[in-house]
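J.: Starting from these lines, generate the structure:
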Amino acid sequence: MTRQPIIVGAGAAGLAVAACLKQGGLDPLVLDKAPRLGGGWRHHYDRLVLHTSRGRSGLPGMAMPAHYPRYPTRAQVIDYLEGYAAKFRIGPRLGAEVTRADRCGRAWAVHLGDEVIETPHLIFATGIAMIPERPPLPGIDGFPGPALHSSDYRNADGFAGKRVLVVGFGNSAGDIAVDLAEGGASVEMSVRGPVNILPKELFGIPITSFGILRKIFPYTVADALTQPVVRMKIGRPSDYGLQDPPKGPLSQIIEEGKIPLIDMGTLAAIKAGHIGVRPGITGIDGGRVTFADGSAQDYDAILLATGYRQDLRPILGALPEALDFDGRPLVSGGPSGLPGLWFCSYHVSPSGQLAQMGIEAQDIADAILRLGG
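T.: Down below sits the predicted model:
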């Protein structure tokens, strides 16, 4: 049995855990099925920029470069992750897909096809954007045009002059809708339920920095304190044809695991009439989509910005001590409930996912080191 901890995932979370373990004197083995490190950052849409500031997005032991803008681009994040791996001499074993992992006495047996490696500590860091969520919209299988998930969208090339429906109102939906509108498409967004919207900044301070209020007050109180200022800055969702939410953004994150839209230009585009707003979809008949208010419209393409789900059961099986009924880790950033099994960055954070990765990576590494590695 190797004494090396094994980390599954060579994205930001996996690299952060590896760096923290290396700083503690261990030499973890990082595995990833992809051909290059960087995780999902290499596959997101071109327009993507961090919604958290550069200063709050560096991983343990290495800040993001000072010459980066306040909100780094997708390409800059990839460059940063490559530099991070180089600094800590993390050489992931790429093209190595973990097909199964089983408890084996006091160790974990990690299967890579026919190869089996045993380790005392197995850390999963495959992240929250694991499996694209494609809701079963009635009639979508008969839609004649492209019906893409946001994970398949890169840019607006080929959409100019076309009528596109973006389903969803999260950060990906907002970014992609603006990208399509600027690229010459006629864009509408289908938004099924109430939404929380936050400005990118308040008083020149990145909105995610206000997560510190949660450390001072209960999250419901923090929501109540910031709500009047947010409304003064951007108004209410109903001002844009959307449904006002029954709870604040922190409550939505903590109670439902859903991240509010951080506005990077979507609201201005709606207000200017460049993006239309529709309610939820009730049916699709050919290229015609019917909505909950009885209205209908023909579209050339549908873009499903409907998020992702996690499910580690195909690898770990049903583990009620560590996974819920849908295969999501019960605990992220601490002991999982099974000796030697850890999960990093599987719960959304109000302060930004990269910052949370760093916290959880250090906590996991410290716990493993306390156990003797």
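
J.: ranges for the helices of the stretch 251-373 of the chain?
T.: 266-271, 313-316, 353-370 (DSSP state H, counting those that start in this stretch).

J.: for the stretch 1-150 of the chain, same thing?
T.: Going by DSSP H, counting those that start in this stretch, the stretch 1-150 of the chain shows helices at 12-23, 74-87.

J.: Check what contacts the shortest one and list those residues.
T.: With contact meaning C-beta atoms under 8 Å, 6 or more residues apart in numbering, helix 12-23 is reached by 5, 7-8, 27-28, 30, 32, 37, 39, 41, 59-62, 77, 81, 84-85, 87-90, 92, 123, 125-127, 344-345, 354, 357-358, 360-362, 364-366, 368-369. In this view, the C-beta of every residue, glycine as well, is placed from N, C-alpha and C.

J.: next one: the longest one
T.: For helix 74-87, contacts defined as C-beta under 8 Å, 6+ apart pick out 10-12, 15, 19, 37-38, 41-42, 44-50, 58-59, 61-62, 64-65, 68-69, 72, 90-92.

J.: Residue 307 and residue 133 touch, don't they?
T.: Yes - here residue 307 lies in contact with residue 133, judged by C-beta atoms under 8 Å, at a distance of 4.8 Å.

J.: Which of those two has more residues huddled nearby?
T.: Applying other C-beta atoms under 10 Å to residue 307 and residue 133 shows that residue 307 carries more neighbours, namely 22 against 16.

J.: Low-confidence ranges, the stretch 201-350 of the chain, go.
T.: Applying pLDDT under 70 to the stretch 201-350 of the chain flags the ranges 209-216.

J.: just the stretch 1-150 of the chain next, same as before
T.: Using pLDDT under 70, the flagged stretches of the stretch 1-150 of the chain are 1-2.

J.: all strands in it, in order from the N-terminus.
T.: 6-8, 29-32, 93-94, 100-104, 107-112, 115-119, 122-124, 131-132, 147-149 (DSSP state E, counting those that start in this stretch).

J.: returning to what we had before: out of the helices of the stretch 251-373 of the chain, deepest packed?
T.: Among the helices of the stretch 251-373 of the chain, ranked by average contacts under mean count of other C-beta atoms under 10 Å, first place goes to helix 353-370 (a mean of 21).

J.: What lies in contact with it?
T.: With C-beta under 8 Å, 6+ apart, helix 353-370 has contacts from 5, 12-13, 16-17, 19-21, 23-26, 50, 52, 56-60, 121, 123, 128, 208, 332-335, 342, 344-345, 347, 349.

J.: Report the distance from it to the chain centre.
T.: 18 Å (C-alpha atoms, centre = their mean, to the nearest Å).

J.: let's have the chain start at 28 instead
T.: In the new count, where the first residue is 28, that last one comes out as helix 380-397.

J.: pull the CA atoms of it into CSV?
T.: C-alpha atoms of helix 380-397 as CSV (Å, rounded to 0.1, in the frame of the first residue of the first chain):
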residue,chain,number,x,y,z
GLN,A,380,-16.0,29.0,-4.2
LEU,A,381,-12.2,29.5,-4.6
ALA,A,382,-11.9,31.0,-1.2
GLN,A,383,-13.9,28.1,0.3
MET,A,384,-11.7,25.6,-1.5
GLY,A,385,-8.6,27.1,0.2
ILE,A,386,-10.2,26.9,3.6
GLU,A,387,-11.4,23.3,3.2
ALA,A,388,-8.1,22.2,1.6
GLN,A,389,-6.1,23.5,4.6
ASP,A,390,-8.6,21.9,7.1
ILE,A,391,-8.3,18.5,5.3
ALA,A,392,-4.6,18.7,5.1
ASP,A,393,-4.3,19.6,8.8
ALA,A,394,-6.6,16.8,9.9
ILE,A,395,-4.6,14.2,7.8
LEU,A,396,-1.3,15.5,9.2
ARG,A,397,-2.6,15.2,12.8
